[in-house]
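>>> can't give you the sequence, but here's the structure:
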């Protein structure tokens, strides 16, 4: 009996060891420059989440450029994504699904469970959120569909709010010769450098990287296109509703229209915390404050005195975005860019006359053009002018610059509305294209509300987008031809209200033309 018990025990141990070996074999592992990682597998996709690309920006590292990761021994589990500290907006369409933290410089990599025979193109996704919200955990930002279309997906978390974009005279004095202010942008560059060094271990091609961002993520892509500090880190760019003409204070000098400098904004905020002065002691006090006291409820909606966002620092962001592009100092890569037909934006002015006055000497011409679109009230007029000025004309402006430089450029307009929302929406709102591009419609609307027609639009869009990531051209078999953009035709691909992608001249060209006139838009050939 004792012999039988011992035999059974040995069998049980052997079975347990075999099971453990099988489980371990099914756990993907990679070796990167800082150590070994383990991930998880689901539905043919291997996920490595919460990979550190920089040291935690805590204590003395608050408001400093990202510092190197400390290498580790053994195998580090990479199973949980991290998002940066924030106060989500009430109606945020993509809130993080777990607690956020100041310790947040992590990224996620999704790749085929079976390592590909040839290196795959890489998508580097930069989430939006007005520089104050957003992250890698929202379900609509999950990248499995890209992997299933032959692209490795990287999603990055970067510092937000006053932890990500902040200036103060004491910071300038501490690091006068270094990078200042745009810490969120610095994080994105550090993450791109990590991708260049490590993505081959995941089966990715470090020489075929597309950066893509929506809203503030698109604005981040503008910054990366316009800085020499990101030179050579990517090969193509996609910008969705990424603005291009937005107020950016200078760190140490007020802008020409009299707005406060970024340092002045920072001083005012420090005073609200009871911290005066501009010396090292003031900075020590600011760094000792709880992160929740720093982050606040901040953003562009607080106006210039409370502005929290990117700034002209003279190094990473050397000038306003249009000036960088007009100077010809942008990186020269294929570009896919556009916006939605009822995108975000608003115009100054509380009356029609005040709105049209923002067009300066073109006020009467603007009145004739916009009145032909029959805005029903002042709110709709402000919205029409705002979206044109801030998103749609800005996209055309940048596309004209890149096209005139001989680069492949493809413009889109997204006009499709989910079938269950058509009684509520008259057009495609800001960010409503995202779950179609990611093919994550059930996460946004609920699986029971997504129609077959909705799904077809998503399938079509992700094919165009991944084709562009692979080759720099969105066209491919079975898709309507998407013509290149040029300054003569202003051709774009309109993902129409019916769901059919239709190539056409810009349907609101007359509106965008008058906006261009009023802001002295780009000439055919950029200034050198």
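Okay, I see it. In this text, all values refer to a predicted model and were calculated from it rather than measured experimentally. Numbers count the residues shown, from 1 in each chain.
>>> Flag the shaky bits of the protein, pLDDT-wise.
1-25, 255-257, 296-303, 520-528 (pLDDT under 70).
>>> Just give me the longest strand of it.
strand 204-214 (DSSP state E).
>>> how far is it from where the chain is centred?
The chain centre lies 13 Å from the centre of strand 204-214; the measure is C-alpha atoms, centre = their mean, to the nearest Å.
>>> list the contacts for residue 184?
The contact partners of residue 184, by C-beta atoms under 8 Å, 6 or more residues apart in numbering, come to 131, 158-160, 164-165, 220, 310. Just so you know, the C-beta spots here come from the backbone N, C-alpha and C atoms, and that holds for glycine as well.
>>> my guess is residue 519 contacts residue 390, does it?
No: in this structure residue 519 lies outside contact range of residue 390 using C-beta atoms under 8 Å: 10.9 Å.
>>> Quick check: neighbours shared by these two?
Common neighbours of residue 519 and residue 390 (C-beta under 8 Å, 6+ apart) are residue 245.
>>> Neighbour count for these two, which is higher?
In this view residue 519 and residue 390 are compared by other C-beta atoms under 10 Å, and residue 390 has more residues nearby, 22 against 18.
>>> Distance-wise, check the more buried one relative to residue 66.
Separation of residue 390 from residue 66 (C-beta to C-beta, to the nearest Å): 30 Å.
>>> one step back: in the longest strand of the chain, which residues are buried?
Buried residues in strand 204-214, defined by neighbour count with 16 or more other C-beta atoms under 10 Å: 204-205, 208-214.
>>> For the residues you listed, work out which two are farthest apart.
205 and 214 (23.6 Å; C-beta to C-beta).
>>> Give me the phi and psi angles of residue 52.
phi -70, psi 130 (degrees, to the nearest 10).
>>> and it, what is it in contact with?
Shown in contact with residue 52 (C-beta under 8 Å, 6+ apart): 34, 69, 105-106.
>>> circling back: of the buried residues of strand 204-214, which is the nearest to residue 267?
residue 213 (30.4 Å).
>>> Could you report the neighbour count for the closest residue in space to that closest one that isn't next to it in sequence?
Nearest residue to residue 213, sequence neighbours excluded (C-beta to C-beta, 6 or more residues apart in numbering): residue 126, at 3.7 Å. As a burial measure, residue 126 scores 30 neighbours (other C-beta under 10 Å).
>>> same deal with residue 350?
By the criterion of other C-beta under 10 Å, residue 350 has 9 neighbours.
>>> Also the one 5 residues further on?
Close neighbours of residue 355, defined as other C-beta under 10 Å, add up to 24.
>>> So residue 90: helix, strand or coil?
Classification of residue 90 by DSSP: H, G, I helix; E, B strand; the rest coil places it in coil.
>>> That one: neighbouring residues, count only.
Based on other C-beta under 10 Å, the number of other residues close to residue 90 is 5.
>>> do residue 70 as well
Residue 70 has 10 nearby residues by other C-beta under 10 Å.
>>> element containing it, please.
Here residue 70 is covered by no helix or strand, with elements defined by DSSP states H and E.
>>> for it, what are its contacts?
34, 55.
>>> Show me the strands in this protein, by range?
29-32, 35-38, 40-42, 45-52, 75-77, 106-112, 120-126, 152-156, 204-214, 236-240, 335-340, 409-414, 491-495, 501-505.
>>> and those as JSON lines, adding distance to residue 346?
Formatted as JSON lines, those follow (distance: least, C-beta to C-beta, whole Å):
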{"stretch": "strand 29-32", "distance to residue 346": "45"}
{"stretch": "strand 35-38", "distance to residue 346": "45"}
{"stretch": "strand 40-42", "distance to residue 346": "42"}
{"stretch": "strand 45-52", "distance to residue 346": "37"}
{"stretch": "strand 75-77", "distance to residue 346": "46"}
{"stretch": "strand 106-112", "distance to residue 346": "34"}
{"stretch": "strand 120-126", "distance to residue 346": "24"}
{"stretch": "strand 152-156", "distance to residue 346": "29"}
{"stretch": "strand 204-214", "distance to residue 346": "19"}
{"stretch": "strand 236-240", "distance to residue 346": "19"}
{"stretch": "strand 335-340", "distance to residue 346": "15"}
{"stretch": "strand 409-414", "distance to residue 346": "20"}
{"stretch": "strand 491-495", "distance to residue 346": "23"}
{"stretch": "strand 501-505", "distance to residue 346": "27"}
